[in-house]
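1. no sequence on this one, just coordinates:
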């Protein structure tokens with residue numbers, strides 16, 4: 001079966017080169033391994049891009065790993081009107097905001113063009129259903145998780161350092177203060193900027209703090225091998241999230257890295273993360289929580305039990321919906 005993948009096609013080539021895990025492609029690599037012909041196409045903010053891709057590839061199904069409604073608006077309108085009858089499956093990472101009147105009707109209408117919506121978060125799915133955008137029988141949380149085939153081949157050690165590799169809505173001020181007070185070794189690897197947040201001043205902030213090292217990278221998937229080596233060698237992974245930005249499952253990639261490497265994780269409490277998933281992780285809310293978690297991890301082994309969340313199990317659940 002021909003599956004048209006519309007997303008970040010560059011991630012596929014990085015996966016082929018062994019640089020990135022397959023879970024970055026949300027089950028599409030597993031579709032390919034399962035015998036389907038996946039057609040790897042780049043998402044573009046071009047009104048007619050999706051139609052050109054459909055005309056070029058003539059797919060049996062369409063898979064969008066991170067559905068941006070505005071980037072695919074023509075495709076969704078034509079699918080909702082039954083002019084395009086190719087089944088569409090997509091991951092929705094954010095629950096749409098509460099809307100009323102014409103705006104609600106429009107979003108409800110275009111989302112009806114998707115045959116089934118996958119979610120990373122139970123709460124995001126619940127909100128989307130409760131706000132009337134989609135029916136509960138047209139959505140599910142398949143359990144997105146780490147590519148364990150990838151992570152099982154990564155050498156691991158414990159050098160005593162805590163590592164932060166995220167860039168999205170991070171509270172670096174709180175993180176820096178926690179490690180200033182504990183004196184524990186911290187390595188921050190992040191991009192120059194992301195979604196309006198500029199991180200270029202971090203090296204200057206930390207230059208007089210001997211236990212904190214900062215590396216600023218480009219905002220590209222090419223840097224993941226460097227971050228992966230740092231995480232695999234670390235005592236633990238840390239994920240400090242801004243408390244004013246916890247309106248979606250931000251931080252879930254760090255959860256997957258922690259699970260894949262079986263490294264302890266300290267992460268800000270986020271209601272969009274499943275409580276069951278964080279059983280073996282240190283969930284924190286304020287500075288005192290951070291300090292306590294850091295001290296506890298310094299005294300424990302640098303390995304957590306293997307998670308039941310992984311991309312193979314996730315694909316099994318997706319497959320039961322997409323290829324039934």
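-> Nice, I can see it. Only a predicted model underlies this, so the values are computations on that prediction, with no experimental measurement involved.
2. what's the end-to-end length of stretch 216-232?
-> Chord length of stretch 216-232, first to last residue, is 19 Å (C-alpha to C-alpha, to the nearest Å).
3. what's the answer for stretch 124-137, then?
-> Termini of stretch 124-137 sit 15 Å apart (C-alpha to C-alpha).
4. I'd like the distance from it to the chain centre, please.
-> In terms of C-alpha atoms, centre = their mean, to the nearest Å, the centre of stretch 124-137 is set 20 Å apart from its chain centre.
5. then stretch 141-150?
-> 11 Å.
6. only the buried residues of that stretch, if you could.
-> Within stretch 141-150, the residues that count as buried by 16 or more other C-beta atoms under 10 Å are 141, 142, 143, 144, 145, 146, 147, 148, 150. The C-beta positions use only the backbone N, C-alpha and C, and glycine is treated the same way.
7. can I take it that the second one is in a helix?
-> No: according to DSSP: H, G, I helix; E, B strand; the rest coil, residue 142 belongs to no helix; its state is coil.
8. strands of the stretch 151-300 of the chain, start to end?
-> Remark: strands assigned in the stretch 151-300 of the chain by DSSP state E, counting those that start in this stretch are 162-164, 186-191, 193-194, 197-198, 212-217, 236-239, 265-268, 282-284.
9. now those strands in TSV, with mean neighbour count, mean pLDDT and distance to residue 230?
-> Formatted as TSV, those follow (neighbours: other C-beta atoms under 10 Å; pLDDT from 0 to 100; distance: least, C-beta to C-beta, whole Å):
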stretch	mean neighbour count	mean pLDDT	distance to residue 230
strand 162-164	26	98	5
strand 186-191	22	94	6
strand 193-194	14	72	18
strand 197-198	13	78	21
strand 212-217	18	94	8
strand 236-239	27	98	9
strand 265-268	24	98	14
strand 282-284	19	97	19
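10. let me have the ones you listed in a markdown table, extended by distance to residue 131.
-> A markdown table is the format used below for these (distance: least, C-beta to C-beta, whole Å):
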| stretch | distance to residue 131 |
| --- | --- |
| strand 162-164 | 33 |
| strand 186-191 | 32 |
| strand 193-194 | 27 |
| strand 197-198 | 27 |
| strand 212-217 | 37 |
| strand 236-239 | 28 |
| strand 265-268 | 25 |
| strand 282-284 | 27 |
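11. so which of the ones you listed gets nearest residue 79?
-> Nearest to residue 79 among the strands of the stretch 151-300 of the chain is strand 193-194 (31.3 Å), distances taken as C-beta to C-beta.
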